[in-house]
Every structure is written in structure tokens, then in C-alpha cells.
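In: Next come a sequence and a model predicted from it.
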Amino acid sequence: MSDEAVTVQYDGLTLVEMRRRLHQIPEPGYEEFETQAQLLSWIATLPQTHLEVRTWRTGVLVLVHGTSPRLTFGYRTDIDGLPIVEETSYDFKSTHPGFMHACGHDMHMSIALGVLAHFASHPLKDNLLVVFQPAEEGPGGAKPMLASDEFNAWRPDVMMALHIAPEYPVGTVATREGLLFANTSELFIDLAGQGGHAAYPHRTRDMIVAGAHLITQLQSIVARNVDPLDSAVVTIGKLTGGTKQNIIAETARLEGTIRTMSMTAMTAVKARIEALVHGIEVGFECQASIDYGANYTQVWNDGPLVREFMEFVRDKDLAQVVDCPPAMTGEDFGDFLAAIPGFMFWLGVDTPYGLHHSKIEPNEAAIDVAVRVITEYVAWKSSGSTGRG
Ligand SMILES: CC(=O)N[C@@H](CCC[C@H](N)C(=O)O)C(=O)O
């Protein structure tokens, strides 16, 4: 492959410049209006001969027609941001107050744009569907997109995606056969008691105290109810309740997430949460409700396909390939992989701050690495194989 894939420009903009522009406009799931408009305007500047473009909600689907297609390859990027106040040193910080691309979706989008630009002018034998998917951070765009007519009209036979990894050096791809990311379930617990004057606690049912007890009890689930040879996480990331320091809180809300390696553990964790919440209702004379929000299927990499990908990248010396352990991160790309064979991999971006941190600054040199890895792999796959390992 020539260097063209990595020096690709849209309307005079490099992939890094496009990443920086996207970094400035992070938007929550299903509100990616400015992002969608920006993507569409850039895509319109590409050679259109082989392209067909559709929108799905706030997402974009681009089919690059192959010259003699037998298969459709799918490459997916997520496009939403997170409710985080940015604290990077960038001079291209988010212009959307309280929102930030702190999970790398700006990097992911620029890589997908690089892949798309390359194949728009170097079409494959096979079709390529580039998917710009909304709402990965929640409530999940993959499941409804999979069920949509827009996606199914161009449904790929094989799918792939990547996620930036702060802990790996630039020039690394890390993945594995089978389980890569966990099963996830969101968790929202509402507690309702009786508010009142801070000086008369005996006449109230204090939901700050009930919530604090419940959070502590929830921490016992992983330690005492999950097989130590399996794994789970129960995190409460947000606690709200009360109105003022001298008013006893009538309500409280806990917001969190559950992560498990197996569905057996997910069922067991949920059963324990329900038992503990019921105990809080009895013990603190209050009412409680549980909502599990969005649930994502584990990311399960197809063994032969991911093995072949790892061997290809290693053999062509496109990146350092690491056979990594599974992670407790979640990804609704798992929902695509439950329906369509494929795989996901981590892309090293070498930054001291982790995903979802207000100071994360991924190394942009990783964009070219990823575009090269993906374009070379897909071109090789389309040139001779049947799409399966
Ligand atoms: C890669 C990544 O960070 N993904 C998110 C997915 C969120 C799923 C859902 N909203 C939840 O919180 O359960 C993650 O937090 O792992």
C-alpha cells in the first residue's frame, strides 16, 4: 500500500485536524447533530463514484461499493462524547460546556474517515460499510441500529472496530480470541423516604443514610457473592440526594454500572442487588426501585478471524501485536459481534490519563498506525479470501 492512506486529506484537512475539530464538538448519545452534520459535509468532499450514504438517527452509514463484491466488510466507529468538564492542555478544547471526547471517539472517527477516504479512491473487490454509530456511552446505539432497515439493507458479513488504549505505546494493537470486554448493565436505584428538619431525625426517614448504607453493602457483592474465579464490578459513579445541609433528604438516587465476565455472574449480581435493596426498604422504612437501563453484550472476538488479523499485522510489521487479557470495559460493539462475526482491538495511544478522565490526551500519531493497519488488512482480506479465516 502507498503512503496515501495516511496522508489522506478531506477538503484540505488532515486526519489530525479533523480529529481536533471533532474534539471541539462532543455531544451526548443521540444528540450528535453537529457531529453528524460535520461528518456528512466531509464525506461529501470525497470522490462519490463508489459511495452511497445514509443516515440512521444521528449516525451515518457509508457503503463503498466493491468492483465485484462477494461480501461486505463492516468497519464501525462510535461518535458520542461524555459529560465531563475538560481539563486537557489543548488549545482545541471542547466548545460544548460540560462535554468532552474523553473516551477517544474523536480519534475513532478520524480513523474511520481515513479508512473511508482511502477506499473511496481505491475501491475493494468487496463492499465496505463504514458505520458511524451514535450513543455508545449510553443508551446504546448498536442494538437498535442492528435492527434498522438502513443497516440491514447493507448488513456486513464481517465486522471490526477498535478502541484507543491509553496504557499501550503508539504502534501497538492488542487483542485476543474470545472475550475482550465484559457484559455490562447500567444501574439506577431510587430511594424514597420522609424528609424533614435536620434537628428532628426521629421524625424522618433519611435517604442519605439509607443510600450510604446501600453503597457500602453493594461493595460486598463482588467480595462475597461472585465466584472468585469469575469476575465482576459494581461501581456507583453518581449519588444524588437532598437539598440543603440542614434538611433531611427525602429521596436519593444511586447511578452505577455492573460489569461481569459471564452472564451467570450478571444474574447473580442482579439478584443480590435486589435482595440488598429490599433489605434497605425494610431496614430504613422506605420505598426503592431499580432500573437496569442499557445492557451491552460482551465483546466476543471470533477466534479464527482475530487470530488471522493478529498474524497479518505481525507478519507485515504494521504494529506490535499484544495478546492481551480481557477488560471490564463495556462496548455496545459486542451487540454487533453477537450477530455478525468479527473482532475488536485496542489501539495504543500512550497517555498517562485513563479513559473517561478529564485530562486524557491520546497521542495522535496512533491515527496513522490504525488507518494503515485497517486498510492493509481489509485490502488483503478482500483481495483473495472468503471473508472468514
Ligand atoms: C469503552 C467504554 O468506556 N465503554 C463504556 C460503555 C458504557 C456502558 C454503559 N453506559 C454502562 O455504564 O454500563 C464503559 O463504561 O465501559
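Out: That came through fine.
In: Next one: stretch 100-112, is it in contact with the ligand?
Out: Yes. Judged by C-beta under 6 Å from any ligand atom, stretch 100-112 comes into contact with the ligand at residue 103. The C-beta positions use only the backbone N, C-alpha and C, and glycine is treated the same way.
In: mind exporting that stretch as CSV, just the C-alpha atoms?
Out: Taking C-alpha atoms only, stretch 100-112 is exported to CSV below (Å, rounded to 0.1, in the frame of the first residue of the first chain):
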residue,chain,number,x,y,z
MET,A,100,-15.7,16.1,26.3
HIS,A,101,-14.5,13.4,24.0
ALA,A,102,-12.8,11.6,26.9
CYS,A,103,-13.2,8.1,25.5
GLY,A,104,-11.4,8.6,22.2
HIS,A,105,-14.4,8.7,19.9
ASP,A,106,-12.9,11.7,18.2
MET,A,107,-9.8,9.6,17.5
HIS,A,108,-12.0,6.6,16.4
MET,A,109,-14.0,8.9,14.0
SER,A,110,-10.9,10.3,12.3
ILE,A,111,-9.5,6.8,11.8
ALA,A,112,-12.8,5.7,10.2
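In: Tell me if I'm right that residue 210 and residue 285 touch.
Out: No. The pair residue 210 / residue 285 is not scored as a contact, 9.0 Å apart, by C-beta atoms under 8 Å.
In: Contacts only, for residue 345.
Out: Each residue near residue 345 by C-beta atoms under 8 Å, 6 or more residues apart in numbering is listed here: 160, 162-163, 173-175, 180, 306, 309.
In: List just the nearest of those residues to the ligand.
Out: Distance to the ligand, by C-beta to the nearest ligand atom, is smallest for residue 163 among the contacts of residue 345, at 5.6 Å.
In: Identify the residues contacting the host helix or strand of the closest one?
Out: Residue 163 is part of strand 158-165, with elements assigned from DSSP states H and E. Counting by C-beta under 8 Å, 6+ apart, strand 158-165 makes contact with 71, 73-77, 103-104, 107-108, 111, 172-174, 305, 309, 329, 331, 333, 336-337, 340-349, 355, 362, 366, 370, 374, 381, 387-388, all of which sit outside it.
In: Mind checking the pLDDT average for that strand?
Out: Across strand 158-165, the average pLDDT comes to 98.
In: Determine how far it lies from the middle of the whole chain.
Out: Strand 158-165 sits 10 Å away from the centroid of its parent chain (C-alpha atoms, centre = their mean, to the nearest Å).
In: just checking, next helix/strand downstream of the helix or strand that contains residue 272?
Out: Assigning secondary structure by DSSP H and E places residue 272 in helix 263-284. Once the chain leaves helix 263-284, the next helix or strand it forms, by DSSP H and E, is strand 287-291.
In: tell me which residues in stretch 214-223 are buried?
Out: 214-215, 217-218, 221-222 (16 or more other C-beta atoms under 10 Å).
In: Could you do stretch 367-382 as well?
Out: Residues of stretch 367-382 classed as buried: 367-379, 381-382 (neighbour count, 16+ other C-beta under 10 Å).
In: farthest pair in the buried residues of stretch 214-223?
Out: Distances among these were taken as C-beta to C-beta; the most separated pair is 214 and 222, at 15.0 Å.
In: Contact partners for the residue of the stretch 1-150 of the chain found nearest the ligand?
Out: The minimum distance from the stretch 1-150 of the chain to the ligand, using C-beta to the nearest ligand atom, falls at residue 138 (3.6 Å). Counting by C-beta under 8 Å, 6+ apart, residue 138 touches 29, 186, 293-294.
In: what does residue 50 give?
Out: The contact partners of residue 50, taken as C-beta under 8 Å, 6+ apart, are 64-66, 119-120, 123.
In: Would you tell me what helix or strand residue 222 is located in?
Out: With DSSP H and E as the criterion, residue 222 is inside helix 207-224.
In: ok, now residue 75?
Out: Residue 75 is part of strand 72-78, with elements assigned from DSSP H and E.
In: Can you list the neighbours in contact with that strand?
Out: Contact with strand 72-78 is made by 63, 103, 105, 108-109, 111-112, 115, 124, 126-134, 136-137, 141, 154-161, 333, 336, 340, 342, 374, 378, 381-382, 387, as judged by C-beta under 8 Å, 6+ apart.
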